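1. Predicted structure and sequence below. I'll ask about it afterward.
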Amino acid sequence: MLILEADRISKSYGKVAALTDFSLEISAGETVGLTGLSGSGKSTCARILAGLERPNTGIVRYAGKELTGANPAIQMIFQDPAGSFNPVRTIYQSLSAVLHLQGVPKSQRRDLLSEHFQNAGLQTEILSRYPDQISGGQAQRVAIVRGMLVHPKVMILDEPTSALDVSVQAQILHLLKDIQKENGMSYVFISHDPSVVEFMADRVISL
Amino acid sequence: MKFDRRYILPGLLILLFLIVAIFPGMFAPYSISDRTATYQAPGADHLLGTDNMGKDIFSLLIYAARWTLMIGFASGLLAVFVGTAVGLLAGWRRGALDEFLMGTTDIVLILPKIPLVIILAAYLGPSPWVLIFVLGLLSWESIARVVRSKVIQIRSSEYILAARCLGFSDCRIMFKEILPVVFPVIVPKFVLVTAAAMISEASLAFLGLSDPQTVSWGGMISDAFTYSGFLRGMWYWWLPPALCIILGVLAITSLAFIHERGVREVMQL
């Protein structure tokens, strides 16, 4: 079943064309790899697929309907793990806000987060820390946990391991594979490293 | 974060002014309605002598702290409220709304403040509330500009993009995600606007545009000037309120600079 589709999308910033006439189809449970050189439009493509930006031309459809803005069913994981958290909030405050949005009562939030943290191989002590007080690998795991809290169907992974050590990279990639096996989510995996993309993706598109 | 000792002196001074302003009865030996012989020199009964109405100048100095500080802080708060709202909206929404709001900000920026405040205060009548509104509504533009540029810098941050993906509303993102990060740059602006409002109030009071029913430090200097305090060489009438204004403004401005420097050091700018 087709879940996310980009139909001949183009995006330019002023006179600079970032993405030209790009098309993509992603089925449920599938992992599509996007690779390319720096400046080839990978991150632009990721933001358009996540509904964070509108293409100048072309259309993006999620579950058959035009995507006109950000949709919690499509989550995005960013390259800079610590940068994807509010610097003035503790990890608990950041994640608790997501659960608040989901209607989870305050009394249940810490237990629920502890459970998610255990599944992701994280210690619960991290909850009381600020983003700059945890390692890149921990922050990326927390970012994945946060994305999972809203039960997404598609996850756009924009260079999720580029800023991490090789050993941590492998752990994150395996965590993502485990999550996909359990939830049947679709991934758009973006990386400039062809070996990482090949490991993760069912098929690879080069930009 | 380690406590910065440079806060102690200006902080204590402001605290002292605030305590005096909140509880004037604890420090003033006389009420502002008590009268005795006029133009008395400083002595045991009247630390700073008496004025043209026979009122104790030291007591007037204590009671005047309330209005001067209140006009300053209330104008600062109003300016922060308007400036932050305008800056947040313009920086977050961008586009036509940004252009409109920044165009309005530019107009306010080029308005000649003091002449306009004089005209408005004269036209609307001498009331501390009018002063608060006029000073507050003419002082928000620099706050709006600073907030807007910070919001533009933050809005493309990955944590804001993540918040949008998670389904947070624009309102929540602006007030819960962006505002706390922008807050450290608003604080020094607030204190600077407060200090400027205190000076403006003193200037207007000196020109006789303050409410004669309220006592302020600027009003005391104006009275000393109008009722021959200067001619009679009664420095103890006009110098103490002038010193209070200078010390208050210096303390507030120092707090702003120390805070700004601290934020820059933390952000390693």
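-> Right, received. Where do you want to start?
2. so where do the helices sit in chain A?
-> A:42-49, A:91-101, A:106-119, A:136-148, A:166-183, A:194-200 (DSSP state H).
3. Out of those, flag the one nearest residue B:187.
-> helix A:91-101 (21.0 Å; CB to CB). Heads up, the C-betas are built off the backbone N, CA and C, glycines and all.
4. What parts of chain A come near chain B?
-> By CB under 8 Å from any CB of the partner chain, the residues of chain A that approach chain B are A:47, A:50-52, A:70-72, A:74-76, A:78-80, A:83-89, A:97-98, A:101, A:143, A:146-147, A:149-150.
5. Please convert the helices of chain A to TSV, extending it with mean pLDDT, mean neighbour count and distance to residue B:28.
-> Shown next, in TSV, are the helices of chain A (pLDDT from 0 to 100; neighbours: other CB atoms under 10 Å in any protein chain shown; distance: least, CB to CB, whole Å):
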stretch	mean pLDDT	mean neighbour count	distance to residue B:28
helix A:42-49	92	24	64
helix A:91-101	94	20	46
helix A:106-119	92	15	49
helix A:136-148	93	23	57
helix A:166-183	89	15	67
helix A:194-200	89	16	75
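6. Dump the ones you listed to a markdown table, plus distance to residue B:154.
-> Shown next, in a markdown table, are these (distance: least, CB to CB, whole Å):
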| stretch | distance to residue B:154 |
| --- | --- |
| helix A:42-49 | 16 |
| helix A:91-101 | 15 |
| helix A:106-119 | 26 |
| helix A:136-148 | 18 |
| helix A:166-183 | 26 |
| helix A:194-200 | 30 |
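7. Select only the buried ones of the residues of chain A next to chain B in PyMOL?
-> To isolate the buried members of those in PyMOL, using 16 or more other CB atoms under 10 Å in any protein chain shown:
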select buried, chain A and resi 47+50+51+52+70+71+72+74+75+76+78+79+80+83+84+85+86+89+97+98+101+143+146+147+149+150
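8. What sits closest to residue 22 if chain neighbours are left out?
-> Going with chain A. residue A:9 (5.3 Å; CB to CB, 6 or more residues apart in numbering or on different chains).
9. nope, chain B
-> residue B:66 (7.7 Å).
10. In contact with the one you found, which residues are there?
-> B:21, B:22, B:24 (CB atoms under 8 Å, 6 or more residues apart in numbering or on different chains).
11. go again using 10 Å as the cut-off
-> By CB atoms under 10 Å, 6 or more residues apart in numbering or on different chains, the contact set of residue B:66 is B:17, B:18, B:20, B:21, B:22, B:23, B:24, B:128, B:214, B:215, B:216.
12. Now do the third one against residue B:56, distance only.
-> What it means is residue B:20. Distance, residue B:20 to residue B:56, by CB to CB, to the nearest Å: 15 Å.
13. ok, the residue nearest to residue B:140 when sequence neighbours are not counted - how many residues close by?
-> Leaving out its chain neighbours, the residue that sits closest to residue B:140 by CB to CB, 6+ apart is residue B:83, at 3.6 Å. If you count neighbours by other CB atoms under 10 Å in any protein chain shown, residue B:83 ends up with 27.
14. And residue B:83, how close does it get to chain A?
-> Residue B:83 sits 20 Å away from chain A, going by CB to the nearest CB, to the nearest Å.
15. What residues sit buried inside the helix or strand containing that residue?
-> Assigned by DSSP states H and E, residue B:83 falls within helix B:57-93. Going by neighbour count (16+ other CB under 10 Å), the buried part of helix B:57-93 is B:57-76, B:78-80, B:82-92.
16. and what of stretch A:148-168?
-> Per 16+ other CB under 10 Å, stretch A:148-168 contains these buried residues: A:148-150, A:152-161, A:163-164, A:168.
17. Can you name the residues of chain B sitting close to chain A?
-> B:154, B:156-169, B:172, B:176-181, B:183-184 (CB under 10 Å from any CB of the partner chain).
18. In helices, which of those fall?
-> B:154, B:158-166, B:172, B:179-181, B:183-184.
19. List only those of those residues flagged as buried.
-> For these, buried by 16+ other CB under 10 Å: B:154, B:158-166, B:179, B:181, B:184.
20. ok, so of the residues you listed, who is nearest residue B:246?
-> Lowest distance from residue B:246 to those (CB to CB) belongs to residue B:184, with 27.1 Å.
21. Contacts only, for residue B:111.
-> Residue B:111 touches B:117, B:138, B:141, counting by CB under 10 Å, 6+ apart.
22. Just name the closest of these to chain A, please.
-> Nearest to chain A, judged by CB to the nearest CB, of the contacts of residue B:111 is residue B:141 at 26.0 Å.
23. Out of the helices of chain A, the one nearest residue B:8 is which?
-> helix A:91-101 (31.0 Å).
24. what angle separates that closest one from helix A:106-119?
-> Interaxial angle, helix A:91-101 versus helix A:106-119 (axes from the mean of the first three to the mean of the last three CA atoms, to 10 degrees): 120 degrees.
25. Which strands or helices does helix A:91-101 pack on?
-> helix A:106-119, helix A:136-148, helix B:158-166, helix B:170-172 (3 or more CB pairs under 10 Å, 6 or more residues apart in numbering or on different chains; DSSP states H and E).
26. packing partners for the last one?
-> The criterion is 3+ CB pairs under 10 Å, 6+ apart, and the helices and strands that helix B:170-172 contacts are helix A:91-101, helix B:57-93.
27. Keeping just the C-alphas, turn the next helix or strand after the longest one into PDB.
-> Okay, so that is helix B:57-93. Moving toward the C-terminus from helix B:57-93, the next helix or strand (DSSP H and E) is helix B:95-110. Only the C-alpha atoms of helix B:95-110 are listed here, as PDB (Å, rounded to 0.1, in the frame of the first residue of the first chain):
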ATOM      1  CA  GLY B  95       5.600  37.500   5.000                       C
ATOM      2  CA  ALA B  96       3.100  40.400   4.700                       C
ATOM      3  CA  LEU B  97       2.400  40.400   8.500                       C
ATOM      4  CA  ASP B  98       6.100  40.800   9.200                       C
ATOM      5  CA  GLU B  99       6.400  43.600   6.700                       C
ATOM      6  CA  PHE B 100       3.400  45.400   8.200                       C
ATOM      7  CA  LEU B 101       4.600  45.000  11.800                       C
ATOM      8  CA  MET B 102       8.200  46.000  11.000                       C
ATOM      9  CA  GLY B 103       6.900  49.000   9.000                       C
ATOM     10  CA  THR B 104       4.900  50.100  12.100                       C
ATOM     11  CA  THR B 105       8.000  49.500  14.300                       C
ATOM     12  CA  ASP B 106      10.100  51.700  12.000                       C
ATOM     13  CA  ILE B 107       7.500  54.500  12.300                       C
ATOM     14  CA  VAL B 108       7.500  54.300  16.100                       C
ATOM     15  CA  LEU B 109      11.300  54.100  15.900                       C
ATOM     16  CA  ILE B 110      11.600  57.500  14.100                       C
END
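28. The residue nearest to the spatial centre of chain B and residue A:83: what is the separation?
-> For chain B, the residue nearest the mean C-alpha position is residue B:194 (1.7 Å; CA atoms, centre = their mean). Distance of residue B:194 to residue A:83, given as CB to CB: 34 Å.
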